[in-house]
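A.B. asks: Take a look and give me a structure for this.
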Amino acid sequence: VQLQASGGGLVQAGGSLRLSCAASGRTFSSYFMGWFRQAPGKEREFVAAATWSGDSTYNVDSVKGRFTISRDNAKNTVYLQMNSLTPEDTAVYYCAAGNDLDLYDYWGQGTQVTVSS
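C.D. replies: The predicted structure is shown next:
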């Protein structure tokens, strides 16, 4: 599976962005899909994930109520809708695919999100 993330950019605090991650290769629909982020000087952290069907989703507490993960298996794409962005959300965002919520084998190249105050 190859993953291509896009949709990052510069936005003011309180604004919104939607990240997309397009997957190529077969069996996309069988994978858990996740979003992670890494801010400068910090470790990479989990942001959100969705099961293969998209019926179950998981979010880190800091983004609950603001970020929504969704997926369209027909388009081999997973999305991260980010609302009410704050400067603390500034990071490189990565999408990932795996066989379990805590195990990701494939990673995209990352897309930069910068939130100005």
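
A.B. asks: middle-most residue in this protein, spatially?
C.D. replies: Centroid-nearest residue in the chain: Trp35, 2.9 Å away (criterion: C-alpha atoms, centre = their mean).

A.B. asks: Keeping just the C-alphas, turn the helix or strand where it lies into CSV.
C.D. replies: Element membership for Trp35 (DSSP states H and E) is strand 32-38. Presented in CSV, the C-alpha positions along strand 32-38 are these (Å, rounded to 0.1, in the frame of the first residue of the first chain):
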residue,chain,number,x,y,z
PHE,A,32,-7.1,0.4,9.8
MET,A,33,-6.3,3.9,8.8
GLY,A,34,-4.7,6.4,11.1
TRP,A,35,-3.5,10.0,11.3
PHE,A,36,-0.4,10.9,13.3
ARG,A,37,1.4,14.2,13.7
GLN,A,38,4.8,15.4,14.7
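
A.B. asks: now what about the next helix or strand after that strand, what contacts it?
C.D. replies: Tracing the chain C-terminally past strand 32-38 and defining elements by DSSP H and E, one meets strand 45-50 next. When contacts are defined by C-beta atoms under 8 Å, 6 or more residues apart in numbering, strand 45-50 is touched by residues 32-38, 56-60, 63, 67-71, 78, 80, 93, 101. Yep, even glycine has a C-beta here, placed from its N, CA and C like the rest.

A.B. asks: Could you report the separation of the closest residue to Tyr58 other than its chain neighbours from Gly34?
C.D. replies: In space, and not counting its chain neighbours, Tyr58 is closest to Ala49: 4.8 Å by C-beta to C-beta, 6 or more residues apart in numbering. For Ala49, the distance to Gly34 (C-beta to C-beta, to the nearest Å) stands at 4 Å.

A.B. asks: what residues do those two have in common as contacts?
C.D. replies: With C-beta under 8 Å, 6+ apart, Ala49 and Gly34 have common neighbours Leu101.

A.B. asks: neighbouring strands for the strand holding Trp35, and are they parallel or not?
C.D. replies: Using DSSP bridges, strand 32-38 pairs in its sheet with strand 45-50 (antiparallel), strand 91-100 (antiparallel).
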